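Student: mind folding the following:
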Amino acid sequence: MVGGSALVLILIVAIVLMVVMISKFKIHPFAALFTVALLMGLAAGLPMAQTVNKIAEGFGNTCRGIGIVILFGTIIGAMLEQSGAALTMADSVLRVVGPKRPALAISIIGWIVSIPVFCDSGFVILSSLSKSLAKRSGVKMATMAIALSTGLYATHTLVPPTPGPIAAAENLKANLASVILWGIVVSIPAALAGYFYAVTVGSKLKVEDVEGPTFEELKAKYLKLPSPMMAFAPIVVPLILIGLSSVLKFPTVAKALEETGQESVLYGFSKLLIFLGHPMIALFVGAIFCLFLAPKITEEVTSGWIGRGVKDGATIIMITAAGGSLGAIIEATGVGRYIGETLAQYKFGIFLPFIISAALKTAQGSSTVALVTTSTIVHPLLGSLGLASPMGAVLATLAIGCGSMVVSHANDSYFWVVSQFSNMKLNTAYKAQTIATLVEGVVGIASVWALSLANL
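Tutor: So this is what the prediction gives:
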């Protein structure tokens, strides 16, 4: 069995190999993660049988923990998109914020929509609204594109039920309700940083007008859009259920409920809420609400829309579970303990998860891969980083999420979605999307650091 600094070298080589496989040779992240996990286990001197067992164990445990949660999250996202509910949410926010502040409106809309919907899809869905608002208000297209992009990005990397933050929370054993709560808190200054970058720098960038349907024409494609209450319900209801469940599990609350007697109505109702607040059940409830977004429940709704969500979720689950395999191998080699003991003297604390995640994101492009991989690397280090408490695990999850924003450039599919749908030239896209995500990530980790001072 290899030990000491040789293990660290093996880990570094494994990470570099994974990045090269994904970014240069365009190998699917699942295949790259599995290959790296296998090679790392063998190179570290683990017996072949143990290596195989650990890979299977890590894969299975991850699927068991979050597989269904991810599926329901992607199903909700697909149904919000297909039903036009995302447009209803956009219209509702626009009425509140007002047409005189279109960049702020589109940032808030993106922030809300990206909680269940992937940022790539969210940008595609809302790009027509963004263009329409730009034309209506006279605000430059670059400003609108940056505001929308960064609003979407903030919750995509920080707030479950987006799969990346869910996977990171599971790998770090962080309380999901706390990740949602504090993820929302951290995502607000991050999104505002993106908004201020949009209105200051974006107003100086030149982007040619893009032809496309107006927001009104886009809405006309749907026979009937869902009401605002129904449109928001699939997102809001699960978050409320998860939050209530978390509160009822607090020791003081749980003790008070126990004292009422197990036969009491209050005790029975609390147990029902705890059941409904399990992330798997809460998101299932959200998916049920989605069934009523369409004017009529047809086979296209019950099979086509759900099927699309399942297909999207399956890919994410496989990548996430392969990351779990790599995490199991890392844990089995003991490299985490060695790194933790070595790094403890340097007092990196909350910044180490951010740095690792930012390096992986910048190198290989995928925020989800950065979240999954970094969380598997960091989990054994939590104690040595001073993050072993329940809140420490939450902060580590958020730090990794902030790092997974830094930076979106040419190896990131989202970079091309933003640039192409906004008709940006490459050099303009780097000034707009790449620098904006750097600013967003730095402001995000500064917020996490401030929270760590107050809570740890």
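
Student: ok, the residue nearest to Trp449 when sequence neighbours are not counted to Leu129 distance?
Tutor: For Trp449, ignoring the flanking residues on the chain, the nearest one in space by Cβ to Cβ, 6 or more residues apart in numbering is Ile350 at 5.7 Å. In this view, the C-beta of every residue, glycine as well, is placed from N, C-alpha and C. To Leu129, Ile350 is 36 Å away according to Cβ to Cβ, to the nearest Å.

Student: more neighbours: the two, which one.
Tutor: Higher neighbour count among Ile350 and Leu129: Leu129, with 26 against 22, using other Cβ atoms under 10 Å.

Student: so how far is Gly194 from that one?
Tutor: Note on Leu129: its distance to Gly194, by Cβ to Cβ, is 17 Å.

Student: next: Gly324.
Tutor: In terms of Cβ to Cβ, Gly324 sits 31 Å off from Gly194.

Student: next: Lys311.
Tutor: Between Lys311 and Gly194 the distance is 30 Å, computed by Cβ to Cβ.

Student: neighbour count: those two, which is higher?
Tutor: Ranked by neighbour count (other Cβ under 10 Å), Lys311 and Gly194 place Gly194 first, with 30 against 11.

Student: can you pull the phi/psi pair for the more buried one?
Tutor: When quoted as degrees, to the nearest 10, the phi and psi of Gly194 stand at phi -60, psi -40.

Student: who are the contact partners of it?
Tutor: Applying Cβ atoms under 8 Å, 6 or more residues apart in numbering to Gly194 gives the contacts Ser107, Ile146, Ala147, Ser149, Thr150, Gly151, Tyr153, Ala154, Ala436, Thr437, Val439, Glu440.

Student: export those to a markdown table and tack on secondary structure and neighbour count?
Tutor: Below are these laid out as a markdown table (DSSP: H, G, I helix; E, B strand; the rest coil; neighbours: other Cβ atoms under 10 Å):
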| residue | secondary structure | neighbour count |
| --- | --- | --- |
| Ser107 | helix | 29 |
| Ile146 | helix | 34 |
| Ala147 | helix | 31 |
| Ser149 | helix | 32 |
| Thr150 | helix | 32 |
| Gly151 | helix | 34 |
| Tyr153 | helix | 32 |
| Ala154 | helix | 35 |
| Ala436 | helix | 28 |
| Thr437 | helix | 31 |
| Val439 | helix | 20 |
| Glu440 | helix | 30 |
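
Student: what pLDDT is listed against His379?
Tutor: pLDDT for His379: 89.

Student: counting neighbours, what do you get for it?
Tutor: Count around His379 with other Cβ under 10 Å applied: 20.

Student: contact partners for it?
Tutor: Applying Cβ under 8 Å, 6+ apart, the residues near His379 are Asn171, Leu172, Lys173, Gly327, Glu331, Gly336.

Student: below-threshold pLDDT in the stretch 351-456 of the chain: ranges please.
Tutor: Under the criterion pLDDT under 70, the flagged ranges of the stretch 351-456 of the chain are 455-456.

Student: strands of that one, residue ranges please.
Tutor: In the stretch 351-456 of the chain, no segments count as strands under DSSP state E, counting those that start in this stretch.

Student: show me the helices in it, by range?
Tutor: For the stretch 351-456 of the chain, the helices defined by DSSP state H, counting those that start in this stretch cover 351-364, 367-378, 390-403, 413-421, 426-429, 435-455.

Student: what's the answer for the stretch 101-250 of the chain, then?
Tutor: Using DSSP H, counting those that start in this stretch, helices in the stretch 101-250 of the chain cover 102-113, 119-137, 141-158, 163-171, 176-200, 215-220, 228-248.

Student: would a markdown table of the ones you listed with mean pLDDT and distance to Ile319 be doable?
Tutor: As requested, those are arranged in a markdown table below (pLDDT from 0 to 100; distance: least, Cβ to Cβ, whole Å):
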| stretch | mean pLDDT | distance to Ile319 |
| --- | --- | --- |
| helix 102-113 | 90 | 23 |
| helix 119-137 | 75 | 15 |
| helix 141-158 | 94 | 15 |
| helix 163-171 | 89 | 9 |
| helix 176-200 | 95 | 19 |
| helix 215-220 | 70 | 31 |
| helix 228-248 | 86 | 23 |
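
Student: which one, of those helices, ends up nearest to Gly41?
Tutor: When these are compared by Cβ to Cβ, helix 163-171 sits nearest Gly41, at 17.8 Å.

Student: tell me the angle of that closest one relative to helix 141-158?
Tutor: Per axes from the mean of the first three to the mean of the last three Cα atoms, to 10 degrees, the angle that helix 163-171 makes with helix 141-158 is 20 degrees.

Student: just the CA trace of helix 163-171, in PDB.
Tutor: As requested, the backbone C-alpha atoms of helix 163-171 are provided in PDB (Å, rounded to 0.1, in the frame of the first residue of the first chain):
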ATOM      1  CA  PRO A 163     -28.400  18.200  -9.000                       C
ATOM      2  CA  GLY A 164     -24.900  19.600  -8.400                       C
ATOM      3  CA  PRO A 165     -25.500  21.100  -4.900                       C
ATOM      4  CA  ILE A 166     -27.600  18.000  -4.000                       C
ATOM      5  CA  ALA A 167     -24.700  15.700  -4.900                       C
ATOM      6  CA  ALA A 168     -22.200  17.900  -3.000                       C
ATOM      7  CA  ALA A 169     -24.400  18.000   0.100                       C
ATOM      8  CA  GLU A 170     -24.800  14.200   0.000                       C
ATOM      9  CA  ASN A 171     -21.100  13.600  -0.400                       C
END
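
Student: cheers, nothing more for now.
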